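Enquirer: Got a predicted model here, sequence first, then my questions.
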Amino acid sequence: MGLNPYAPKPVRIIRIKDETPDTKTFTLSPNLFESFAPGQFAMLTVYGVGEAPFSICSSPFDKDRLQFSIRRMGSVTSAIHEASEGEEIGVRGPYGRGWPVKEMEGRSILLVGGGIGLAPLRSLILHLLENKNNYGEIAVCYGARSPSLLMYRDEFEEWIRRGVDLHLTVDVGEGDWKGNVGVVTTILDKPKLNRADTVVCTCGPPVMIRFVLKKLVELGYSKENIYASLESKMKCGVGKCGHCHFGRKHICLDGPVFKYSEMLELPRGISPF
Amino acid sequence: MLFLSEDGFKRLLNGLVSSRNVIAPVEANGYFDFKTIKHAGEAFLDYSNTRLPPKRFFLPQREIVFKHDPKTGVLHEPALGSEAVLLGVRPCDASALSVLDNILLKPPNPDPLYESRRRSITVISLSCAKPREECFCNVFETGPVRGSGEDITLTRITGGLLVEVRSGRGQILIDGFASLFEEAGAQHLEKYEELSRRLTKEMSSRIEIARERLVRLEETLDEKFFQNEAQKCVECSLCSFACPVCYCFDTEDHLEKNVYVRAKGWDTCASPVFTRMASGLDPRPSKVDRFCHRFCHKLSRIPMAFNAYGCVGCGRCVSLCPAGVDIREVLKRWG
């Protein structure tokens, strides 16, 4: 029998970090992937419970560990949240088409994230910062429902120090929040970039992606340079189970990152338009 | 082409049953279904079609994908498929296997469970004598005489059967019984052509469409038409489970005697949870959306992704649907 593409390999959870009240970042070791591209995903198994797809949020240059930020939602994510450091979980991948890092070379970059949608963008940010000389300016617009739901807050300072132009917003302010209040589209005009030649990557809830795409075009960003990462239920990650087959695309094989023009061709429901 | 006399066919059947694991249509409770037979006499080859397709011998309703022992770290791989001969498959159902090949064997991640069964089961098709009222294999050129996924094609003509070897696996089987076969003569081939012409004509008088136009289904969805049709649907999923092509699967994990087990089993896009994510978000939330997808998937989305139609015209979904949904109405409208 050929290699069983459905069988995960066991790795250990070596660190669990509380990211927000409903999201934890899990560090897995060893990193069994020879390499992966930012924006790719993996299937994680809680043995005896089930399996689900998750974006890899760690740096592709970290050869020892893989990281995943996981929000408590259903049976698999709840079981992962119950896990302790040292426990074994299953992993297989990397799967899908990630962010277009080649096309981004030599150009300025805008990343737009919403909530946990920053996870696949974090992997990209870490990739870009590692190769800073190959890219132009890097701006990030990131929003969450409230300040406590902002992901990776303890890393923002480091990103800014290394040259990221970071703009934050929350839907509802709380505590000592002094930043912008409003949805992420209200801060998209803040980064001062050559909009016609900037590559934009976005990930977040579908409704956010819809309005971000609209706003980006209004602001003069070129449709040719806009990409979004979409999400779907998946059972295999390798184009066999049928769950993520929409229109002519499989989210697992052809995505999860899609070009603006490709999203226009996706059927209603999965298309952000 | 080879010729096999009726007597030769009996001897072939006896030879196969005594030397191999043979799966053939048998009659039980007024239906025909594929079963492993012990005697050649059990095979009932003068049947219209089986209630269910032979898909389950390649893609079982439920199968173990892996077992993982957390104590030893050992991963138990599932057992390989065992050698068998699947005899008397109708050309439409045999063609469904070639569609499944396009999907499940597509690189870079061929399904090893399906692949091992495809390798170990020799498929022998048998031409249809009387296509059923609900059959429309002519639309996809998947019958009624010759299919596309079989190893050996048998066509019944007066006085015997014409034998066409379609694969290396088929040739090996034929070689083992070489003395039973003779080269087909001109008179045999003439009868074959005549039968083929007659059946094709009969079927195309019922329905004839330009199937390359089906891709328009995807481009211009007639919402009103699908809304009306979807109203009939009771979401029982019989159409998926009786379909020789439907391949979508779900997985299920559990602990069994301290060993973790994952099984995969048939799923259906008619299910309201097929695309619903844990967050509650669902890109296909309504019955109309799911109903549309079923037809778009078969007639337009599978062709675009896998270069084969997701329907072979066996007609089972037409005859089994309790609500009277008929895929031929979709074909007539768009084809």
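Expert: Happy to help now that I have it. Residues are numbered from 1 along each chain as shown, chains lettered A, B, ... in the order given.
Enquirer: what helix or strand is the nearest residue to A:Thr27 once chain neighbours are set aside on?
Expert: With C-beta to C-beta, 6 or more residues apart in numbering or on different chains as the measure, A:Arg15 is the residue that lies nearest to A:Thr27, at 3.9 Å, once sequence neighbours are left out. In short, each C-beta sits where N, CA and C put it, glycine included. Element membership for A:Arg15, per DSSP states H and E: strand A:9-20.
Enquirer: Just the CA atoms of that strand, as PDB, please.
Expert: Provided in PDB are the C-alpha atoms of strand A:9-20 (Å, rounded to 0.1, in the frame of the first residue of the first chain):
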ATOM      1  CA  LYS A   9       2.000  11.300  12.900                       C
ATOM      2  CA  PRO A  10       2.200  11.800  16.700                       C
ATOM      3  CA  VAL A  11       4.000  14.900  18.100                       C
ATOM      4  CA  ARG A  12       4.000  16.500  21.600                       C
ATOM      5  CA  ILE A  13       2.400  19.700  22.800                       C
ATOM      6  CA  ILE A  14       5.500  21.400  24.400                       C
ATOM      7  CA  ARG A  15       3.900  24.700  25.300                       C
ATOM      8  CA  ILE A  16       0.400  26.100  25.600                       C
ATOM      9  CA  LYS A  17      -0.100  29.900  25.800                       C
ATOM     10  CA  ASP A  18      -3.300  31.700  26.600                       C
ATOM     11  CA  GLU A  19      -3.700  34.100  23.700                       C
ATOM     12  CA  THR A  20      -7.200  35.500  24.300                       C
END
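Enquirer: just checking, what packs against that strand?
Expert: If contacts are counted by 3 or more C-beta pairs under 8 Å, 6 or more residues apart in numbering or on different chains; DSSP states H and E, strand A:9-20 sits against strand A:23-29, strand A:88-95.
Enquirer: when you scan stretch A:196-210, is anything in it near chain B?
Expert: Yes - for a cut-off given as C-beta under 8 Å from any C-beta of the partner chain, stretch A:196-210 has contacts with chain B, namely A:205-206.
Enquirer: pLDDT below threshold where in the chain?
Expert: Unless you meant another one, I'm taking chain A. Where chain A drops to pLDDT under 70, the residues are A:1-2.
Enquirer: looking at chain B here, not the other one
Expert: In the predicted model of chain B, residues B:335 satisfy pLDDT under 70.
Enquirer: tell me the domain boundaries of it?
Expert: The record's domain split for chain B, according to automatic domain parsing, is B:2-59+B:79-208, B:212-247+B:267-334.
Enquirer: Which of those sits closest to A:Glu231?
Expert: domain B:212-247+B:267-334 (7.0 Å; C-beta to C-beta).
Enquirer: which stretches of the chain form helices?
Expert: Let's take chain A. A:75-82, A:101-104, A:118-130, A:156-161, A:206-218, A:251-254, A:260-265 (DSSP state H).
Enquirer: Chain B was what I was after
Expert: Taking DSSP H as the criterion, chain B contains helices spanning B:6-19, B:91-104, B:112-120, B:168-175, B:186-204, B:216-219, B:223-232, B:238-241, B:287-296, B:302-306, B:316-320, B:327-334.
Enquirer: Show the contacting residues for whichever residue of the stretch 101-250 of chain A sits closest to chain B.
Expert: For the stretch 101-250 of chain A, the nearest residue to chain B under the criterion C-beta to the nearest C-beta is A:Gly242, separated by 3.1 Å. Listed by C-beta atoms under 8 Å, 6 or more residues apart in numbering or on different chains, the contact partners of A:Gly242 are B:247-249, B:267, B:269, B:297.
Enquirer: same thing with A:Leu32?
Expert: Taking C-beta under 8 Å, 6+ apart, one finds A:9, A:11, A:91 in contact with A:Leu32.
Enquirer: so B:Ala43 makes contact with B:Val26?
Expert: Yes - using C-beta atoms under 8 Å, B:Ala43 is in contact with B:Val26, at 6.8 Å.
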